[in-house]
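[1] Coordinates only, no sequence provided:
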């Protein structure tokens, strides 16, 4: 029996769980994640042995919003299946009026040969979708 390696899970507090569910529901499915758990204060999506959890921030802690430039999480990066998959997601996000980051440098904003799409979720967490080489 081997011991799993890598991330077990990542948990992110969100300002509005309903809005987060709406945003991530289709995106996680597109990226190969399945709905794993759902309860009144949270939801999680699983891919392989790792999962991503979103929980409702308690009211007393909602005064300050997230910003990726502060100490802590900068962004989440996910694998796409292909460059065509990145393009498909770009169309879907655009139809949902999700603003892109670094759009003038798309698809190589992450550097030469790094084919990726960058955008923000409803809490302004930066998301990167990377195509395999």
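    Great, that's in hand. Because the structure is predicted, anything quoted here is derived from the model rather than measured.

[2] Residue 21 contacts residue 43, correct?
    Yes - under the criterion of CB atoms under 8 Å, residue 21 makes contact with residue 43 at 5.7 Å. Heads up, the C-betas are built off the backbone N, CA and C, glycines and all.

[3] In terms of neighbours, single out the busier of these two.
    Taking other CB atoms under 10 Å, residue 21 and residue 43 do not tie; residue 43 has more neighbours (21 against 15).

[4] Could I get the full set of strands for the chain?
    Along the chain, counting by DSSP state E, strands occupy 9-14, 34-39, 42-47, 50-56, 75-79, 116-120, 126-130.

[5] and the angle from the third one to strand 50-56?
    Translated: strand 42-47. Orientation check (axes from the mean of the first three to the mean of the last three CA atoms, to 10 degrees): strand 42-47 against strand 50-56 gives 170 degrees.

[6] tell me what strand 42-47 is packed against?
    helix 17-30, strand 34-39, strand 50-56 (3 or more CB pairs under 8 Å, 6 or more residues apart in numbering; DSSP states H and E).
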